[in-house]
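>>> Turn this into a model:
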Amino acid sequence: MAKDGRKQRRDTAKGQARRPNLNRYYRKRLRDLRPGSFNFRVDLIRPERTGRDRRVTLDDFVTAITWEDSSEVMTGSLSLIREDPARPLPIGDGHRVTLMVEWGKRWYRLWTMRVDGTPSVSLTTGQTDVALTDQAEALKRNLRDWEFKKDEKVRPKGWKAYEIARKVCRREGVRIGRLAKTTEYLPKIKKDQTDAITIIREAYKAESKKTGRKYVIRFINGKLFVTELKRSRTVYEIDGSAREISLSAEGRNKKPRTVIEAKGRMKVDGKWEKIEATVFRRAILKRYGRSTVEKSYGKLDGMAELREEAKRDLAEEVQVKRSASMTVSGIPFLNRGDTIFWRNKEPGWHGPAKGILNRQYGYLTSVSHSVSPGDYTSDFEVTQIDPYLKDSRKLAEFQREKKDRERKAREDSEDGN
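Numbers count the residues shown, from 1 in each chain. You can find the predicted model right below:
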């Protein structure tokens, strides 16, 4: 079953990052996705000598389909069987394969990939195995020397990440779907013998370091898309019919600090004075014992900001990263970055927590689909850490640092006068 996401009621940016109400965000209920309610169609697209593409349906020959979405490059495979082992199938290296799915009397295109290498064939049984890969894989084989830097005449400020991505795509002959606009100028990006995907990733990574925003790079039907990470519009609710579930948890620090002796400076009557604060939580002390660390936070607006910074670091010290592996009846629309909701009573996977109202929401880091006669399953990895909130915190830190720089510039100008 699934729920559709609508815009959450506006609140302050700090309030949304601290306690996002996803129960309010996902409100409209969609029709349930039931096992066996999907029909698949596999089409082979072959270029003809006339310059046109010929579409051939492989449904009568396909015995199994798999595809995996765990990185920028999507991969997959086809298993086919010949009716006559001596008669070859019209499929070869470089041909395109499209997978369509029917749900609710409507057809949806899931993906288009290329045949990666010559298919392996058994002349005895007629079994044919085909490896598939996204167009991004071909780009990863193209190694070039890339350099984007300031130019006094043309680019006195440098390059923005989306401008670099556009330049790389044009040079490699890649069709552009949509590139997320960025705001910060990058003074220099240089990589030797690097593929196009890596240089685009490095450009947006540099933007992320400056602003805290995170981006997803992927190919959709032969076009490159770079989108800003946002909450998925639809959340998929996993009920008790899951075939297999395994849980794991790993602390950020094996021996966390439980007491932070924070130090900083604040301005009093035009002079910088030292301030100190000791931050701890009794529940953490009882659980892990006493372990103290001193930390300096530099110039601050006051004691409240010093305590807030120390509390944030203390929470990260004892943070536990929970993840899960799940196998469910197939859901073809599941992709990397989607959200699921899982009702359970396992410790650490239910109830409220700092930063989230409900721990039962999870976020997919990788998805693998497998279709065979009479069976279709989806396997995926789930993390409990909301990447949207993680980036919101980074963005808040970036904005705070920007305010500090502006404040310092004002103070220096006042001192100069």
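>>> Could I get the buried residue list for the top strand by length along the chain?
The longest strand of the chain (DSSP state E) is strand 361-372. By 16 or more other Cβ atoms under 10 Å, the buried positions in strand 361-372 come out as Tyr361, Gly362, Tyr363, Leu364, Val367, Ser368, His369, Ser370, Val371. (Each C-beta comes from the backbone N, C-alpha and C, glycine too.)
>>> That one: partners in the sheet, and parallel or antiparallel?
strand 62-69 (antiparallel), strand 339-342 (antiparallel), strand 375-383 (antiparallel) (DSSP bridges).
>>> Okay, now stretch 93-104: how far is its last residue from its first?
End-to-end span of stretch 93-104 (Cα to Cα, to the nearest Å): 34 Å.
>>> Let's test this: mean pLDDT of it, rounded?
Mean per-residue pLDDT for stretch 93-104: 90.
>>> Likewise for stretch 346-353?
Averaging pLDDT along stretch 346-353 yields 78.
>>> Centre of the chain to that stretch, how far?
23 Å (Cα atoms, centre = their mean, to the nearest Å).
>>> Give me the contact list for that stretch.
With Cβ atoms under 8 Å, 6 or more residues apart in numbering as the test, stretch 346-353 has contacts from Leu247, Ala249, Val320, Arg322, Ala324, Trp342, Asn344, Asn358, Arg359, Gln360, Gln384.
>>> Restricting to C-alpha, output it in CSV.
C-alpha atoms of stretch 346-353 as CSV (Å, rounded to 0.1, in the frame of the first residue of the first chain):
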residue,chain,number,x,y,z
GLU,A,346,11.6,-3.8,17.5
PRO,A,347,13.8,-1.7,19.9
GLY,A,348,15.0,1.4,18.1
TRP,A,349,12.5,1.0,15.2
HIS,A,350,9.4,2.5,16.8
GLY,A,351,8.4,5.5,18.9
PRO,A,352,9.7,9.1,18.7
ALA,A,353,13.4,10.1,18.6
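>>> phi, psi of Pro347?
Main-chain dihedrals, Pro347, degrees, to the nearest 10: phi -60, psi 130.
>>> any idea how far it lies from Ile385?
17 Å (Cβ to Cβ, to the nearest Å).
>>> so what's Glu184 closest to, chain neighbours aside?
Nearest non-adjacent residue to Glu184, counting by Cβ to Cβ, 6 or more residues apart in numbering: Lys210, 4.4 Å away.
>>> Actually, Leu78.
Of all residues not flanking Leu78 in the chain, Val130 sits nearest, at 4.1 Å (Cβ to Cβ, 6+ apart).
>>> Can you give me the distance of that neighbour to Val101?
Distance, Val130 to Val101, using Cβ to Cβ: 19 Å.
>>> go on, Leu229?
25 Å.
>>> Give me the most central residue, the chain.
Gly337 (4.7 Å; Cα atoms, centre = their mean).
>>> tell me which element that one falls in.
Using DSSP states H and E, Gly337 sits within no helix or strand.
>>> What pairs with the helix or strand that Ile275 is a member of, parallel or antiparallel?
When elements are assigned from DSSP H and E, Ile275 belongs to strand 271-280. Paired neighbours of strand 271-280 in the sheet (DSSP bridges): strand 259-268 (antiparallel).
>>> what residues does the partner strand touch?
With contact meaning Cβ under 8 Å, 6+ apart, strand 259-268 is reached by 272-280, 285, 290-303, 306-307, 309-310, 313-314, 317.
>>> now, which of those lie within helices?
Residues of the contacts of strand 259-268 located in helices (DSSP state H): Leu285, Met303, Leu306, Arg307, Glu309, Ala310, Asp313, Leu314, Glu317.
>>> Of those, grab the buried ones for ChimeraX.
Remark: buried members of those, expressed as a ChimeraX selection using 16+ other Cβ under 10 Å:
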select :306,307,309,310,314,317
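>>> Pull the most distant pair out of the ones in helices among the contacts of strand 259-268.
With distances taken as Cβ to Cβ, the most widely separated pair in these is Leu285 and Met303, at 21.9 Å.
>>> What residues of stretch 325-335 count as buried?
Under 16+ other Cβ under 10 Å, the buried positions of stretch 325-335 are Met326, Thr327, Val328, Ser329, Gly330, Ile331, Pro332, Phe333, Leu334, Asn335.
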